[in-house]
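Novice: okay, here's the prediction I keep looking at, along with the sequence it came from:
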Amino acid sequence: MAAAVTLCKAAFSNCRRFEDEVAGAIHACSVSTDGLKSKLKSLAANTDAVTKAKDKINAIINSRQMVSRQAPAASCAEIISISAELLVLIGQAPASPRVALLAVSISTTTASCSAAEKASLKESAASFETALAAIASEVAAAQATLLQATGSTASAADIVAAPSCATDTCAPPSVVETTVAPATTTPATTMTTRAPTATNAPTGRRRRQVVEDILKSKLL
């Protein structure tokens, strides 16, 4: 009896694992791969811009005075305010195109800060490390979804060639399965006809194949 219970628990555990993996495969096949590449493009731009903003803040903290004839001057309070806004945005939507815009506004300006202001900026600089880690996590998730959906991740060339994000969240659109159109009746002959069905065969086949491959790999 005890052995049977142990086998039952093991089988149940395997079924739950298969269920989780199949769910991930179905999700991977339900999103637009082009949309994911656009998201990766935005995340790459945000990583570069936020890194430069963090470096500029560290330069301000470590300098006695920031003076430049080529960059517009700003108050330290403005930089602190923009930094706070940027960190909140990254926490909510790390792929947003607005992330790079706010980050560039920090990295391309200069300011002379008081000791108290530098202390505030030092806290922001530490938070920028966490923000960059959040962006990196989004990159890893997007690449993992692409790998599961297509069998490969996006290359640097793929990302550069992708269109820019059109929304603040940069969320890839879902692939919508088409359905059979409702029957229509022709008045002249009262014959019922059915509109041609638009299908999404490649996506459907890919979804089924991914699910089948996962199950086969576990059962063989």
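Specialist: Good, I have the coordinates. Numbering: from 1, shown residues only.
Novice: which parts of the helix or strand hosting residue 132 are buried?
Specialist: For residue 132, the element it lies in under DSSP states H and E is helix 115-150. Buried residues in helix 115-150, defined by neighbour count with 16 or more other C-beta atoms under 10 Å: 117-118, 120-121, 124-125, 127-128, 131-132, 135, 138-139, 142-143, 145-146, 148-149. In short, each C-beta sits where N, CA and C put it, glycine included.
Novice: what mean pLDDT does that helix have?
Specialist: Throughout helix 115-150, pLDDT has a mean value of 94.
Novice: how about stretch 33-43?
Specialist: Averaged across stretch 33-43, pLDDT comes to 93.
Novice: can you check stretch 60-79 too?
Specialist: Taken as a whole, stretch 60-79 carries a mean pLDDT of 68.
Novice: what of stretch 83-95?
Specialist: Mean pLDDT, stretch 83-95: 95.
Novice: wait, residue 122 touches residue 61, no?
Specialist: Yes. Counting by C-beta atoms under 8 Å, residue 122 touches residue 61, with 5.5 Å between them.
Novice: and the helices in this structure, which stretches?
Specialist: If DSSP state H is used as the criterion, the helices of the chain fall at 2-29, 33-62, 76-92, 97-107, 115-150, 156-161, 201-219.
Novice: how many neighbours does residue 61 have?
Specialist: When neighbours are counted by other C-beta atoms under 10 Å, residue 61 registers 16.
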